[in-house]
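K.L.:
fold the following and give me the result.
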Amino acid sequence: MFNIHRAYSIARKEVMHILRDPFTLGLALGLPVMLVAFFGVVIDFEVKNIGMVSADYDNGPAARRLREIFLSSGFFREISSHLGSTPLEAVDSGRAAAVLYIPPDFSRDLRGGKQVSAQFVVDGSDNSKGAAILGYLPGIQQAAIKKITGGAQAQGWEIKTRFLYNPELNSRWFTIPGLAVMVIGLLSILLTALTVAREWENGSMEMLLATPVRPLEIMAGKIAPYAAIVLAGVFLIYLVARLGFGVPFAGSHLLFLLACLLFIVAALSQGLLISVLTRQQQVAMQFSMVTGLLPSLLLSGFIFPVESMPVFFRYFTMMLAPRWFMEAARGIFLKGAGLAELAVPFAALGSIAFILLAVAVAKFKTDVEP
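P.N.:
Next up is the predicted model:
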């Protein structure tokens, strides 16, 4: 039978160990904030400052206006081609990623009411950058039609696009919650992966097993202090996201806290399972990095949408807590989603946390043999 007093004794022992080790406490509280602040600034999925060469063979007022529209969009900067070289050579050398070709008589044909066209050549060697550049063109084209022709050559109707939840398509609003998922998950796994392994290496596990403490009580005592520390780290990350990066929070704080608790328990249980199976701190750390970092980075939807993955990996990600917490965190932060909309992620997080904790308890050996 589970005895809460014995679990409390183990938790108090773990707290004393953490207090004697300020490095662990600093790592748990300082590292998440530092990583989110650093990568929140560095990682930006918006492609900006794109080098563009203008091959203007017209030099008329309409051609100059077209160039200005591209440059004033905030996405492009003009690169001058070297003397004696062609515009494409700037793309070949990597100095530019696009070339705007404006043919001769562009301004004159426009004044005469003739059909005019300009060519925009994009470097396709980097498909992600190329796709982003092509995504900017419809808006620039509409702006050019309105500013150069006054809308005379535009169609009698137009489709207006409105983006929900992130009107400006600010990539940091999308990135910061994802970074929080990755950092919280990795840190939780690392902290607990070392705790049981440390007991075995130091020889204190034998003394613990000599007492009538049950595996579940040991697990609960080990998880509770680190859960409190990681929750404190979540609060600091929340402050950085809201005050440092201006990420809006549209949902319920209570619901977000519940999602964090479920994810933290799942990650801590995964760390305990690694620690129980390996019994060595160095091996436990290596397993934690592989199983904690790679799924959070590649299979959670942080960088690549889950819907775009092959069928096998779409189903495989269903077994990963980061995928479901990523969905819940972004839904609560940006969409203001409620429990009804997030029932599946919450159910998945609860199931994964329960299964990982149950397996860790089942695999916990009560003998001193390896």
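K.L.:
in the stretch 151-300 of the chain, which spans are helices?
P.N.:
171-202, 204-209, 215-239, 253-278, 281-298 (DSSP state H, counting those that start in this stretch).
K.L.:
in this structure Gly301 contacts Leu320, no?
P.N.:
No - taking contacts as CB atoms under 8 Å, Gly301 lies outside contact range of Leu320: 10.0 Å. For the C-beta atoms, the positions are set from N, CA and C on the backbone; glycine is no exception.
K.L.:
rewinding a little: which stretch among the helices of the stretch 151-300 of the chain approaches Asn49 most closely?
P.N.:
helix 171-202 (14.1 Å; CB to CB).
K.L.:
and Ala329, how far from Arg111?
P.N.:
55 Å (CB to CB, to the nearest Å).
K.L.:
quick one, which of the two is more surrounded?
P.N.:
Ala329 (24 against 13; other CB atoms under 10 Å).
K.L.:
and for the more buried one, nearest residue in space, chain neighbours not counted?
P.N.:
Spatially, and ignoring its direct neighbours in sequence, Ala329 is nearest to Pro177 (4.5 Å; CB to CB, 6 or more residues apart in numbering).
K.L.:
any idea how many residues pack against that neighbour?
P.N.:
Neighbours around Pro177, by other CB under 10 Å: 26.
K.L.:
who are the neighbours in contact with it?
P.N.:
241, 247, 326, 329-330, 333-334 (CB atoms under 8 Å, 6 or more residues apart in numbering).
K.L.:
give me the contact list for stretch 179-191.
P.N.:
24, 27-28, 31-32, 35-36, 39-40, 43, 226, 229-230, 233-234, 237, 241, 260, 263-264, 267-268, 270-271, 274, 285, 288-289, 291-293, 296-297, 300, 302, 321-322, 325-326, 329.
K.L.:
at 6 Å what do you get?
P.N.:
Residues outside stretch 179-191 that contact it (CB atoms under 6 Å, 6 or more residues apart in numbering) are 32, 35-36, 39, 226, 230, 237, 264, 267-268, 270-271, 288, 292-293, 296, 322, 325-326, 329.
K.L.:
same check, this time on stretch 105-121
P.N.:
58, 60-63, 99-102.
K.L.:
next one: stretch 297-305
P.N.:
Residues contacting stretch 297-305 (CB under 6 Å, 6+ apart): 178, 317, 320, 322-323, 326.
K.L.:
and with 8 Å instead?
P.N.:
By CB under 8 Å, 6+ apart, stretch 297-305 touches 178-179, 181-182, 296, 306, 309, 313, 316-317, 320, 322-323, 325-327.
K.L.:
where does Met48 sit: helix, strand or coil?
P.N.:
To be clear, residue 48 is Lys; Met isn't right here. coil (DSSP: H, G, I helix; E, B strand; the rest coil).
K.L.:
residues contacting the residue nearest to it when sequence neighbours are not counted?
P.N.:
Spatial nearest neighbour of Lys48, excluding adjacent residues (CB to CB, 6+ apart): Phe75 at 5.6 Å. Contacts were defined as CB under 8 Å, 6+ apart; by that measure Phe75 touches 47-50, 133, 136.
K.L.:
list buried residues within these.
P.N.:
47, 50, 133, 136 (16 or more other CB atoms under 10 Å).
K.L.:
for Leu255, state which of these is nearest.
P.N.:
Once CB to CB is applied, the member of the buried ones among the contacts of Phe75 that ends up nearest Leu255 is Val47, at 33.8 Å.
K.L.:
isn't that closest one right up against Lys129?
P.N.:
Yes - if you go by CB under 8 Å, Val47 and Lys129 touch, sitting 5.4 Å apart.
K.L.:
and Leu71, how many neighbours?
P.N.:
Other residues close to Leu71 by other CB under 10 Å number 15.
K.L.:
kindly apply the preceding question to Gln141 instead.
P.N.:
14.
K.L.:
which secondary structure element contains it?
P.N.:
Using DSSP states H and E, the element containing Gln141 is helix 127-149.
K.L.:
average pLDDT across that helix?
P.N.:
Helix 127-149 shows a mean pLDDT of 78.
K.L.:
now do the buried residues in it.
P.N.:
129-130, 132-133, 136, 140, 144-145, 148.
K.L.:
quick one: which of those residues is nearest Ser252?
P.N.:
Ala132 (33.6 Å).
K.L.:
ok, back up a step: JSON lines for the contacts of Pro177, including secondary structure, distance to Leu191 and pLDDT?
P.N.:
Shown next, in JSON lines, are these (DSSP: H, G, I helix; E, B strand; the rest coil; distance: CB to CB, whole Å; pLDDT from 0 to 100):
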{"residue": "Ala241", "secondary structure": "helix", "distance to Leu191": "22", "pLDDT": "89"}
{"residue": "Val247", "secondary structure": "coil", "distance to Leu191": "25", "pLDDT": "87"}
{"residue": "Met326", "secondary structure": "helix", "distance to Leu191": "20", "pLDDT": "90"}
{"residue": "Ala329", "secondary structure": "helix", "distance to Leu191": "20", "pLDDT": "91"}
{"residue": "Arg330", "secondary structure": "helix", "distance to Leu191": "25", "pLDDT": "88"}
{"residue": "Phe333", "secondary structure": "helix", "distance to Leu191": "24", "pLDDT": "88"}
{"residue": "Leu334", "secondary structure": "helix", "distance to Leu191": "28", "pLDDT": "85"}
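K.L.:
name the nearest of the residues you listed relative to Trp200.
P.N.:
Met326 (33.3 Å).
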